[in-house]
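> Quick check, what structure comes out for this input:
(chains A, B, C and D)
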Protein chains: 2
Amino acid sequence: MTVRVADVAERAGVSISTVSYVLTGKRPISARTRERVQRAIDELGYRPNAGARAIRTGTTDIIGMVIPVAPDVRADIQMRFVLAVLQQARSYGKNVLLLTSEGGMDEVRNLTTSAAVDGLVAMEIQVHDPRVPVLSALSRPAVLIGTPADPRELPHVDFDFAEAGAMCARYLLDLGHHDIGYLGQSQQAFDREAGYAVRARDGALSQLSAAGCRNAFAPVEPGPAGPTQALESLLSANPDTTGLIVYNEHALPHLLRRLGELGMRVPADMSVVTICPEDEATSLVPPISGVTLPAAELGSLAVDQLMEILHGEVPHPVLLRPALTPRGSAGPPPRSPRTRRRRAET
Amino acid sequence: MTVRVADVAERAGVSISTVSYVLTGKRPISARTRERVQRAIDELGYRPNAGARAIRTGTTDIIGMVIPVAPDVRADIQMRFVLAVLQQARSYGKNVLLLTSEGGMDEVRNLTTSAAVDGLVAMEIQVHDPRVPVLSALSRPAVLIGTPADPRELPHVDFDFAEAGAMCARYLLDLGHHDIGYLGQSQQAFDREAGYAVRARDGALSQLSAAGCRNAFAPVEPGPAGPTQALESLLSANPDTTGLIVYNEHALPHLLRRLGELGMRVPADMSVVTICPEDEATSLVPPISGVTLPAAELGSLAVDQLMEILHGEVPHPVLLRPALTPRGSAGPPPRSPRTRRRRAET
DNA sequence: TTGAAAGCGTTACCAT
DNA sequence: ATGGTAACGCTTTCAA
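Here you go, the predicted model:
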């Protein structure tokens, strides 16, 4: 039924170990022998048994990817990370086992202790993440996508969300805006201190405060009403708001619709900048200026870093620098705020 | 370094086999012995080595999930299937290895032949899918999410997309519409004959034709312009169109915005029904009536079916029946088509 | 109710 | 350049 090395060896007329060495390439084999073995392998359709190999080498060529299933995490954003990790893993000949951290880290611990995975990549890291101490106590390396409070705790790759937020703020400030609102992730995300959510907000708000400018912040709840409510909250805190920083992919379409309903044109009456993946920003009407979230790159780098560690190297921490791409959704503030408000209220 | 059964046995003062039997529960163990062994396991933090177990039992407790990476497949829809499969697999104590079928099925074949997975779930099945013969030739069972041309080829679970399309059509027909357009998936999806895309469209269009009603079809390309162009194409084919069937999640927000720009109110001037996951439909403004796509249920059922097969049972094919939920986005057609068109053209 | 020992299919050390 | 064989950690048959 199942083809083993012994079958290949017999057919090729060589010893078992020779077949193994042909497979691993760990010692020189004469061209003729290799060719004969290869033919036997092809003819028999032989593939080395994964379990047997794992037990000998202590390696499974499987990377575990720990994803949370928080209901407020946008599935498509999450999928970008997963696909990037998957693709990069495959480029190293590794496979990806998908793991949920809901219901505790027991499953992750089990799979690691049972040597089912060579290493781990974990995403959606919180500033004080209870999973981080668990991960660093494991016998296999783990790389975080995101930065925990103590950055020395585990190797990680991240995007400079604080600078991304600050960059959005400076962009609007440089355009002459003085009344700027920040629409962020859901309250839940802030409650659990999701790194990206808090750092982007703090980066933006501290930049705005430093410029002595009036500013307000509102989280955006999931659901169609969330963006509308959040916008309302910002406008009632400061009716003269002329610029919005939006870091919430779900919010953007609803926000733009709502602005339209209020008679506010983008960017004539309201400037909008965002932090989100490039294609999300360009697929909106109008396209939204902003900082590109390099989801795929982060996933890819996390795998690179894990592979370095597995090869015994000491990885360099990675913090990707943001860049802002203008797409025409932000301009100078309107001359007369009152005019704008009056029109909006009609 | 690594804790083995022998360590547990020694600590508990029993034999290796006793420890193993405590673990597998395959033979009666006295309460006292079991307790002692369990304590030793806990104290040592022992977990059975996955590779060693796999080599003995011929089972890895890993399910492979084959996903395509077609650029026109909505990532968030795909993620629903993946998460559902993941969650259901875990309820059986199984783990999920994520596999891409881009670049051929070699990887899938390798992992199966090397006994790395116990079985497979494959999604995004095309009517004539080159992956299906590969999957049915494997030594491990595979369950499809979707129906191939020859349904006997492999076990599968599916949603009755033809009936879903027909149901949308009948709903609009019953409301009195006679001029109905169908906005479908991307041309790519139709080119590769993605099961859901072609069956939903054919189900809807044949129902419309049977009712002797004028109808038109347009695929919707990805990108912000796609929905607008598709709508234009439908309206130029039949300017009197009063009802739209939309099976393209990406299209809905842009479509609604465009209808607004054209001065067409939903449902007063244009009725809209859709096939999509429930939360997508309810998170739109206005909420869109339509058939709920049971993505999570399909993923879950696929795993159930795979588990049945792995337990030696013969699975029953599953074809979920659609149901239409009214949400107010469809109503009777406007009295005078001309009036509507004139207003729209202003 | 428990123990001893024979494999499972591979890799890699020690030979030749 | 190639071959024999011990070992990896576990499950399970055979014995007691």
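
> From here on, just use CA atoms for contacts and neighbour counts.
OK.

> which residues of the stretch 101-250 of chain A fall in helices?
Using DSSP state H, counting those that start in this stretch, the helices of the stretch 101-250 of chain A run over A:106-113, A:131-136, A:161-174, A:187-191, A:195-210, A:225-237.

> Quick one: closest of those helices to DNA strand C.
Comparing these against DNA strand C with C-alpha to the nearest atom of the strand, the closest turns out to be helix A:106-113 (18.5 Å).

> right, is the closest one up against DNA strand D?
No. Using C-alpha under 7 Å from any atom of the strand, no contact is recorded between helix A:106-113 and DNA strand D, whose separation bottoms out at 9.6 Å.

> Determine how far that helix lies from the middle of the whole chain.
23 Å (C-alpha atoms, centre = their mean, to the nearest Å).

> can I get the CA coordinates of it in CSV?
As requested, the backbone C-alpha atoms of helix A:106-113 are provided in CSV (Å, rounded to 0.1, in the frame of the first residue of the first chain):
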residue,chain,number,x,y,z
ASP,A,106,-3.5,25.5,25.5
GLU,A,107,-3.8,24.4,22.0
VAL,A,108,-0.8,26.4,21.0
ARG,A,109,1.2,25.1,23.9
ASN,A,110,0.2,21.5,23.2
LEU,A,111,1.2,21.7,19.5
THR,A,112,4.5,23.2,20.4
THR,A,113,5.3,20.8,23.2
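
> Run through who's touching that helix.
Here helix A:106-113 makes contact (C-alpha atoms under 8 Å, 6 or more residues apart in numbering or on different chains) with A:66, A:99, A:101, A:117-119, A:134, A:138-140, B:46-47, B:49-50.

> Check which residues of that helix are buried.
In terms of neighbour count (16 or more other C-alpha atoms under 10 Å in any protein chain shown), helix A:106-113 has its buried residues at A:E107, A:V108, A:R109, A:N110, A:L111, A:T112, A:T113.

> all strands of chain A, in order?
When secondary structure is read from DSSP state E, chain A shows strands at A:62-67, A:95-100, A:119-122, A:142-145, A:156-159, A:179-184, A:214-219, A:243-246, A:271-276, A:289-292, A:318-320, A:324-325.

> For the fourth one, which helices and strands make contact with it?
Put plainly, it is strand A:142-145. In terms of contacts (3 or more C-alpha pairs under 8 Å, 6 or more residues apart in numbering or on different chains; DSSP states H and E), strand A:142-145 is packed against strand A:119-122, strand A:156-159, helix A:295-310.

> Give me the distance between the closest residue to A:R47 other than its chain neighbours and B:V246.
Leaving aside its sequence neighbours, A:R47 sits nearest to B:S114 (C-alpha to C-alpha, 6 or more residues apart in numbering or on different chains; 5.2 Å). Between B:S114 and B:V246 the distance is 44 Å, computed by C-alpha to C-alpha, to the nearest Å.

> the more surrounded of the two?
Shown here are B:S114 and B:V246; by other C-alpha atoms under 10 Å in any protein chain shown, B:V246 has more neighbours (28 against 19).

> wait, isn't that one in contact with B:L183?
Yes. Using C-alpha atoms under 8 Å, B:V246 is in contact with B:L183, at 4.7 Å.

> what does the stretch 51-200 of chain A have sitting close to DNA strand D?
Residues of the stretch 51-200 of chain A found near DNA strand D, taking C-alpha under 7 Å from any atom of the strand as the criterion, are A:A52, A:I55, A:R56.

> Neighbours of the closest residue in space to the second one that isn't next to it in sequence, how many?
Meaning A:I55. When the adjacent residues along the chain are set aside, A:I55 lies closest to B:G51, with 5.2 Å between them (C-alpha to C-alpha, 6+ apart). For B:G51, the number of neighbouring residues by other C-alpha under 10 Å comes to 27.

> And stretch A:273-285, what's buried?
Neighbour-count burial for stretch A:273-285, counted by 16+ other C-alpha under 10 Å, picks out A:V273, A:T274, A:I275, A:C276, A:P277, A:E278, A:E280, A:A281, A:S283, A:L284, A:V285.

> for stretch A:25-38, same thing?
A:T33, A:R34, A:R36, A:V37, A:Q38.

> would you list the buried residues of helix A:106-113 in JSON lines and tack on distance to A:T2 and pLDDT?
Compiled in JSON lines, these are given as follows (distance: C-alpha to C-alpha, whole Å; pLDDT from 0 to 100):
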{"residue": "A:E107", "distance to A:T2": "31", "pLDDT": "95"}
{"residue": "A:V108", "distance to A:T2": "31", "pLDDT": "97"}
{"residue": "A:R109", "distance to A:T2": "32", "pLDDT": "97"}
{"residue": "A:N110", "distance to A:T2": "29", "pLDDT": "96"}
{"residue": "A:L111", "distance to A:T2": "26", "pLDDT": "97"}
{"residue": "A:T112", "distance to A:T2": "28", "pLDDT": "97"}
{"residue": "A:T113", "distance to A:T2": "29", "pLDDT": "97"}
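
> Tell me, what's the model's pLDDT at the residue nearest to A:A268 when sequence neighbours are not counted?
The spatially closest residue to A:A268, leaving aside those adjacent along the chain, is A:P334, at 6.5 Å (C-alpha to C-alpha, 6+ apart). Reported pLDDT at A:P334 in the predicted model: 94.

> Give the buried residues for stretch A:82-97.
Neighbour-count burial for stretch A:82-97, counted by 16+ other C-alpha under 10 Å, picks out A:82-90, A:94-97.

> quick one: contacts of it?
So stretch A:82-97 is in contact with A:61-65, A:117, A:295-297, A:299-300, A:302-304, B:95-99, going by C-alpha under 8 Å, 6+ apart.

> switch the cut-off to 6 Å
Applying C-alpha atoms under 6 Å, 6 or more residues apart in numbering or on different chains, the external contacts of stretch A:82-97 come out as A:D61, A:I62, A:I63, A:G64, A:A296, A:G299, A:S300, B:V96, B:L97, B:L98.

> ok, so of those, who is nearest B:P315?
Taking C-alpha to C-alpha as the measure, B:P315 sits nearest to B:V96 out of these, at 20.8 Å.

> That closest one and A:V127: what is the separation?
B:V96 is 28 Å from A:V127, where distance means C-alpha to C-alpha.

> Can you add pLDDT and give the contacts of stretch A:82-97 back as a markdown table?
Compiled in a markdown table, the contacts of stretch A:82-97 are given as follows (pLDDT from 0 to 100):
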| residue | pLDDT |
| --- | --- |
| A:D61 | 98 |
| A:I62 | 98 |
| A:I63 | 98 |
| A:G64 | 98 |
| A:A296 | 97 |
| A:G299 | 98 |
| A:S300 | 98 |
| B:V96 | 98 |
| B:L97 | 98 |
| B:L98 | 98 |
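
> Just the buried subset of these, please.
Among the contacts of stretch A:82-97, the ones that count as buried by 16+ other C-alpha under 10 Å are A:D61, A:I62, A:I63, A:G64, A:A296, A:G299, A:S300, B:V96, B:L97, B:L98.

> mind listing what the fifth one touches?
For A:A296, the contact set (C-alpha under 6 Å, 6+ apart) comprises A:R80, A:F81, A:A84.

> so the second one touches A:G299, yeah?
In other words, A:F81. Yes. Under the criterion of C-alpha atoms under 6 Å, A:F81 is in contact with A:G299, at a separation of 5.1 Å.

> Check A:N248 and give its pLDDT.
Here the pLDDT value assigned to A:N248 is 96.

> A:R341 now?
Listed pLDDT for A:R341 reads 48.

> which bits of the stretch 101-250 of chain A sit near DNA strand C?
Within the stretch 101-250 of chain A, not a single residue sits near DNA strand C (C-alpha under 7 Å from any atom of the strand).
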